[in-house]
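>>> below are the sequence and a predicted model for it; my questions follow.
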Amino acid sequence: MTYPSNIWFDITVPFWSMSENTDHPTQKSEKLFAKLILASSKPGDKIYEPFAGVCTAGVVANKLGRNYTCVEIEKEYCELGQYRIDKSEIDKAIQGYEGGVFRDR
């Protein structure tokens, strides 16, 4: 038996029309990371993202007031990740999460 909140049917892969989409082949959605970060940390905590790709966990951590460290070896993805992190300083929106509430697709 499980609680309904333990099953997430509202997570999608970022697609071309979403502002968070990049060319990374296995990019995860900001909404997924928001759920994980909110469930396992509080503001000011540190989030560590090894194999960061385009730094989605770092971007979301920044938007949610957490500290973060992202590690990535591929220069192209590091540059995309840095661009996204810089952008997250200005735009704190997370698609599918508004006013402390996750909404369905």
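Noted; the coordinates are in hand. Keep in mind that what you see is a predicted model, and the values were worked out from it rather than measured.

>>> confirm residue 81 sits in a strand?
No. Counting by DSSP: H, G, I helix; E, B strand; the rest coil, one finds residue 81 to be helix, located in no strand.

>>> excluding residues flanking it in the chain, which one is nearest it?
residue 55 (3.2 Å; C-beta to C-beta, 6 or more residues apart in numbering). Quick note: C-beta positions are derived from backbone N, CA and C, even for glycine.

>>> how deep is the one you found tucked in, by neighbour count?
Residue 55 is flanked by 26 other residues according to other C-beta atoms under 10 Å.

>>> make residue 1 into 30 and carry on from there
Renumbered: residue one is now 30, and that last one reads residue 84.

>>> ok, now which ones touch it?
78, 99, 101, 109-111, 113-114 (C-beta atoms under 8 Å, 6 or more residues apart in numbering).

>>> check residue 117 too.
Contacts of residue 117 (C-beta under 8 Å, 6+ apart): 88-89, 91-92.

>>> just among those, which is most surrounded?
residue 89 (29 neighbours).

>>> shouldn't that one be within a helix?
Yes. According to three-state DSSP, residue 89 belongs to a helix.

>>> so the closest residue in space to it that isn't next to it in sequence, which state does it fall into?
Excluding the flanking residues, the one nearest residue 89 by C-beta to C-beta, 6+ apart is residue 62, at 4.1 Å. For residue 62, the secondary structure call by three-state DSSP comes out as helix.

>>> so what's residue 62 up against?
85-86, 88-90.

>>> and the pLDDT at it?
pLDDT recorded at residue 62 is 92.

>>> again, but for residue 131
Taking residue 131 on its own, its pLDDT is 84.

>>> just residue 53 next, same as before
71.

>>> picking up where we left off before, dump the contacts of residue 62 into a markdown table; add distance to residue 105 and pLDDT as well.
As requested, those are arranged in a markdown table below (distance: C-beta to C-beta, whole Å; pLDDT from 0 to 100):
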| residue | distance to residue 105 | pLDDT |
| --- | --- | --- |
| 85 | 15 | 93 |
| 86 | 18 | 96 |
| 88 | 17 | 96 |
| 89 | 21 | 96 |
| 90 | 22 | 98 |
